[in-house]
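*Asks:* take this sequence and fold it.
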Amino acid sequence: MIQPADIREWRTYDVVDQDGHKIGTLESVYVSTRTDEPAMATVLIGLLTRHRLVFVPLDGAIVGPGYVKVGYEKTLVKQSPSIGTDDVLPAEDEEPLFQYYGLPYKTGANGERQLARR
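*Replies:* Okay, the predicted model is just below:
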């Protein structure tokens with residue numbers, strides 16, 4: 001099980017797909033506002049002058065020395081919804097992100113966001 005206290009140490013780890021292919025570098029982790037467990041990661045991808053952050057779910061992720069292995073293919077992750085390197089995920093973009101990966105999305109009882117950045 002992933003320990004939330006460890007997620008700060010993951011920054012700059014390589015993010016690799018299920019076959020070990022490097023996707024990019026872990027930039028930050030978003031936790032579930034319901035459970036406070038890691039739910040999504042942003043991955044820095046792109047060329048030196050044109051970086052962007054893509055999202056990948058952390059369900060089933062494995063953390064090793066210097067890497068986080070996710071259960072999704074590199075191509076799928078690189079085509080996922082993205083934000084600029086200085087941006088945050090707007091609340092209205094959360095549901096389409098979950099839909100992209102085929103994951104259920106539920107807001108809180110009062111319409112609260114499902115994700116919070118750590």
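*Asks:* low-confidence bits of the protein, can you list those?
*Replies:* 1-6, 108-109 (pLDDT under 70).
*Asks:* how about a cut-off of 90?
*Replies:* 1-12, 31-38, 46-51, 64, 84-88, 91, 106-114, 116-118 (pLDDT under 90).
*Asks:* quick test: name the residue nearest the centre of it.
*Replies:* Ala41 (1.9 Å; C-alpha atoms, centre = their mean).
*Asks:* can you give me phi and psi for the nearest residue to Arg11 once chain neighbours are set aside?
*Replies:* Spatial nearest neighbour of Arg11, chain neighbours left out: Leu26 (6.1 Å); criterion: C-beta to C-beta, 6 or more residues apart in numbering. C-beta: built from backbone N, CA, C; applies to glycine. Backbone torsions of Leu26, given as degrees, to the nearest 10, read phi -70, psi 130.
*Asks:* check contacts around Leu26.
*Replies:* With contact set as C-beta atoms under 8 Å, 6 or more residues apart in numbering, Leu26 has these partners: Trp10, Arg11, Thr12, Tyr13, Asp14, Val15, Ala41, Thr42, Val43, Leu44, Val68.
*Asks:* on that earlier part again, the residue nearest to the centre of the chain against Val54, yeah?
*Replies:* No - the pair Ala41 and Val54 does not pass the contact test of C-beta atoms under 8 Å, sitting 9.3 Å apart.
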